[in-house]
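# Here is my input; please provide its structure:
(chains A and B)
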Amino acid sequence: MKSTSFITSVAAAVAVAAVALAGATVASAKTTLEIVKERGHLRCQVGQPSPGFYNLDANGEWYGSDVSICQAVAAAIFGSKKKLEIQSVSSQVRFTALANGESDLLSRTATWTLLRDTQLGLDFTAVNFYDGQGFMVPKDSGITSAHDLKGATVCVLTGTTTELNLADFSRVNNLNIKPVTFEDQNVRNDTYLQGGCDALTNDKSGLASNKAAFPNPGDHIVLPETISKEPLAPAVRQGDAQWFDIVKWTVYALVGAEELGVNKGNVDDMRANSTNASVRRMLGVEGNLHDGLGLSKDWAYNIIKEVGNYGEIYAAYMGSGKLGIGIGRSGSANALWTKGGLMYSPPFR
Amino acid sequence: MSMAKAEKSVTRSAPLTETSFIGWLHKNLFSSWVNAILTFVSLYIIFVVIKSLWIWGVAEAVWVAENRRECFAISKDGACWAGVIIWLENIFYGRYPRDELWRVNLGGLLLILWMAPLWLPRVKDKIFIGLSTVFLYPFLAGYLFAGGDKGIFMQLMVTGAIVCLVGNTVHACIGVFSGGGLPESLLGILGRKDASDANQRNTLLAVLAIAFVLIYALQIGWTVEAVPWTKWGGMFLTLVISGIGITSALPGGIILALGRRSKLPVIRVLSTSFIELFRSVPLITVLFMATTMFPLFMPEGFVLNKLVQVIIAVCLFSACYMAETVRAGLQAIPKGQYEAAHTIGLGYWGMMGLIVMPQALKHMIPNIVGSFIGLLKDTTLVSIIGLFDILGMLRSISQDAPWRGLHKEPLIFGAVLFFIVCFIMSKYSRHLEVKLSAGANR
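Numbering: from 1, shown residues only, chains lettered A, B, ... in the order given. Predicted coordinates:
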């Protein structure tokens, strides 16, 4: 994404070859859970810093919504979110590093697609963020819909699906959009701000964070249309069903806890006093839900206690929190299903 | 009639154009009206550039702020250095634990202490000091940076390094003040100055052994907390990778260059193909191969540390480039030198080590330092494979929530840092050239 196209193509060639090789070689005698427990910490792979999802702060600590997923899985296994080693790799080698066993879990903005799910030797677990491509325009341009962009020049990053989606959208709607391509998003943003193109296209999460960084954020609006589907989900290596379940149900525990009203602040109280059978089962007071996962009885309690529920994570990094990128949640696909969104956890029973 | 005048002619002062500032101006800047116009245009361009840089970078710049929004609130047209300042620790040390930063600093100071004797006058045995820096310092620094449990091998090497460091420093002090060396002084103190050579040698070895045992016993109790390599970063990581690359490049390059010019076909073919293979592939490809392909060929569960893979790749790559530089130097040495070396009865290694190599390397200094500077800058490619070297850190600033979008200032800061380091290197190489060719200009 932020490299020259030459590097991208070299890397892509290496990565494809590597993934092809890896598909054949990974057949471990030990389960991933055993390996992780033996090592004493989880190796979780994120990408190069990207607003909202994974970032370094000035003290060198990682934060962000995908980092929280890593922390949640670590908490589920070890009872502490600190037993975690974050690795950061570029998008060219993200799948290879998972396939060759360098990391246990890929928690970065990887879009779940059929091709990736079936041909790269990995499995996507559960969606933790629904993204989609959109457009941003200056407010005074008078444009209010993506369909008004007839003949417009649009700034876009090259070599990404974003560029392809833009071409599709333009062709299907007969808009004759002229793309202006960039290698670096900072340069793209500067060009847009200086009037080098009429609109800027990116994933909506990216648009929100770009906009927040502009000198005058109020002068720009994000158009309502979403022209692509980008379901982002943590991925694991294929062939270890138990590990797949652990990661999947960690995401569900975050969503389920929000649904049941359990959060970081009240989780102790809920565990001690709640009369709701679902809450009691989830927090390990009743039943033996943890057996199949191979985790301790209080795994879900640990997740909530250490990291918080989905809503809290969203508010902190995606929403209007101090470190957030300011994407509204209500009415979007990322709202709970009870509020019209797509965030839905299968029952804890 | 004599052509010579008997009396002294009148002393005339130098013409005005050669001495006064006005004269200099007239001669160099305003010698014709075309040049005068050019001078004014250039001055104007310089003025405009410097003025806008000054306004953006200093006059209107914001030095203290909580986040970029605050920078904008204070000044919209100035640089926001506050973000760079808050990130300084990240830029220099990466994610290294903040309580342990002294270890990185100490490692740097020890290197300076170790190398300082090389520049001091009257110190003997500089070659030994140089070699000990290359072979022992990395173990001491490596333990200091990585920490954790010392294996028996590491214990021995750390002890050796400390003994050597103490010895070097004392030796250098004696050298500077009295022109002598540590061995002679020790023998003097122990009253063995007049003993036989064998006796003297045994005494020195005994002292060395006692020092070794003593320091070994002391260092057992010294452990520092383990810091995984994933926490290394920033300028520190850049210097570690390029430092190791630079130190290994020269020996590796010399061996490969000699191999390529060898009369033994197997060695020649192997060296040539090795050099050509690595030279015809870009560094980024070598790095990708080392970090993503290499683990796939290894047995299950064997995960070599990514940093080590990167360092090995950088070393091989730089050695191959260096080999060609050295080979060029070797070819510049006239055949007569080789033949002369043979006639005085030197063998292959004697000829190379004493006659050919010293001359060749002296000629190659500009190219060698050029490669080193290139390598230092090339190592920033590791940010693409996910190591947070200085460039990786500088680029991360623009993604951090409080500083989102701040990308010009960090990169300019990085450029200045790189300029300083590279400029020092090239100045030093110039100095070395002058020093080594002192004989040639006599």
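
# quick one: what helix or strand has A:R43 in it?
Assigned by DSSP states H and E, A:R43 falls within strand A:42-46.

# Check the burial of residue 139 by counting its neighbours.
Here I'm looking at chain A. 12 (other CB atoms under 10 Å in any protein chain shown). Any C-beta I mention is one placed from the backbone N, CA and C, and that applies to glycine too.

# Please refer instead to chain B.
18.

# still on that earlier bit, next SSE downstream of the strand holding A:R43?
strand A:55-56.

# any idea how far that following strand is from the chain center?
Averaging C-alpha positions (CA atoms, centre = their mean, to the nearest Å) puts strand A:55-56 14 Å from its chain's average.

# in the chain, what spans have low per-residue confidence?
You didn't say which chain, so I picked chain A. Counting by pLDDT under 70, the low-confidence segments of chain A come to A:1-28.

# sorry, should have said chain B
Those would be B:1-3, B:16-17, B:299-304, B:438-442, if you go by pLDDT under 70 across chain B.

# Could you chop it up by domain?
B:17-59, B:100-226, B:230-399+B:407-437 (automatic domain parsing).

# Just the terminal-to-terminal distance for stretch B:109-122.
Chord length of stretch B:109-122, first to last residue, is 22 Å (CA to CA, to the nearest Å).

# Stretch B:399-417 now?
First-to-last residue span, stretch B:399-417, CA to CA: 21 Å.

# What of stretch B:23-42?
End to end - CA to CA - stretch B:23-42 spans 20 Å.

# Closest residue of the stretch 101-250 of chain A to chain B?
A:A213 (3.1 Å; CB to the nearest CB).

# Distance of that residue relative to B:L406?
Noted for A:A213: a distance of 8 Å to B:L406, by CB to CB, to the nearest Å.

# A helix includes A:E85, no?
No. Under DSSP: H, G, I helix; E, B strand; the rest coil, A:E85 sits outside any helix and is assigned strand.

# who's in contact with the spatially most central residue of chain A?
The centroid of chain A falls nearest to A:T109 when counting by CA atoms, centre = their mean (4.2 Å). For A:T109, the contacting residues are A:47, A:50, A:53, A:66, A:129, A:131, A:203, A:232, by CB atoms under 8 Å, 6 or more residues apart in numbering or on different chains.

# what's around the fifth one, how many residues?
Spelled out, that is A:F129. Count around A:F129 with other CB under 10 Å applied: 24.

# Could you do the second one as well?
Look at A:S50: counted by other CB under 10 Å, it has 23 neighbours.

# I'd say it and B:A401 touch.
No. At 11.4 Å, A:S50 does not count as touching B:A401 under the criterion of CB atoms under 8 Å.

# and the contacts of A:T109 near chain B, which?
A:S50 (CB under 8 Å from any CB of the partner chain).

# between the contacts of A:T109, which is nearest B:P138?
Using CB to CB, A:G47 is the member of these that lies nearest B:P138, at 32.3 Å.

# any idea how far that closest one lies from B:Q399?
10 Å.

# Those two: which is more packed in?
B:Q399 (25 against 22).

# Contact partners for the more buried one?
A:49-51, A:55-56 are the contacts of B:Q399 under CB under 8 Å, 6+ apart.

# Which residue is the nearest non-sequential neighbour of it?
A:P49 (3.7 Å; CB to CB, 6 or more residues apart in numbering or on different chains).

# Isn't the one you found up against B:S396?
Yes. Here A:P49 lies in contact with B:S396, judged by CB under 8 Å, at a distance of 4.4 Å.

# got the CA coordinates for the strand or helix carrying A:A76 in PDB?
Using DSSP H and E, A:A76 sits within helix A:65-78. The C-alpha coordinates for helix A:65-78 follow below in PDB (Å, rounded to 0.1, in the frame of the first residue of the first chain):
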ATOM      1  CA  SER A  65      -9.700  -2.300  17.500                       C
ATOM      2  CA  ASP A  66      -7.800  -5.100  15.900                       C
ATOM      3  CA  VAL A  67      -5.200  -5.000  18.600                       C
ATOM      4  CA  SER A  68      -8.000  -5.400  21.100                       C
ATOM      5  CA  ILE A  69      -9.000  -8.600  19.400                       C
ATOM      6  CA  CYS A  70      -5.400  -9.900  19.900                       C
ATOM      7  CA  GLN A  71      -5.600  -8.800  23.500                       C
ATOM      8  CA  ALA A  72      -9.000 -10.600  23.900                       C
ATOM      9  CA  VAL A  73      -7.600 -13.900  22.600                       C
ATOM     10  CA  ALA A  74      -4.600 -13.600  24.900                       C
ATOM     11  CA  ALA A  75      -6.900 -12.900  27.800                       C
ATOM     12  CA  ALA A  76      -9.100 -15.800  26.900                       C
ATOM     13  CA  ILE A  77      -6.100 -18.200  27.000                       C
ATOM     14  CA  PHE A  78      -3.900 -16.700  29.700                       C
END
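
# Which other helices and strands does it contact?
Counting contacts by 3 or more CB pairs under 8 Å, 6 or more residues apart in numbering or on different chains; DSSP states H and E, helix A:65-78 is packed against helix A:32-39, strand A:42-46, strand A:84-88, helix A:241-259, helix A:299-307.

# can you state the direction angle for that helix and helix A:32-39?
Going by axes from the mean of the first three to the mean of the last three CA atoms, to 10 degrees, helix A:65-78 is angled at 80 degrees with respect to helix A:32-39.

# List the contacts of stretch A:83-90.
A:1, A:3, A:11, A:40-49, A:54, A:62, A:67, A:70-71, A:74, A:77, A:97, A:102-103, B:228, B:230, B:384-386, B:388.

# one more time with 6 Å, if that's ok
A:41-46, A:48, A:62, A:70, A:74, A:97, A:103, B:230, B:384, B:386 (CB atoms under 6 Å, 6 or more residues apart in numbering or on different chains).

# Let's see if you can find the most crowded of those residues.
A:C70 (31 neighbours).

# distance of that one from chain B?
From A:C70 across to chain B, the span is 13 Å (CB to the nearest CB, to the nearest Å).
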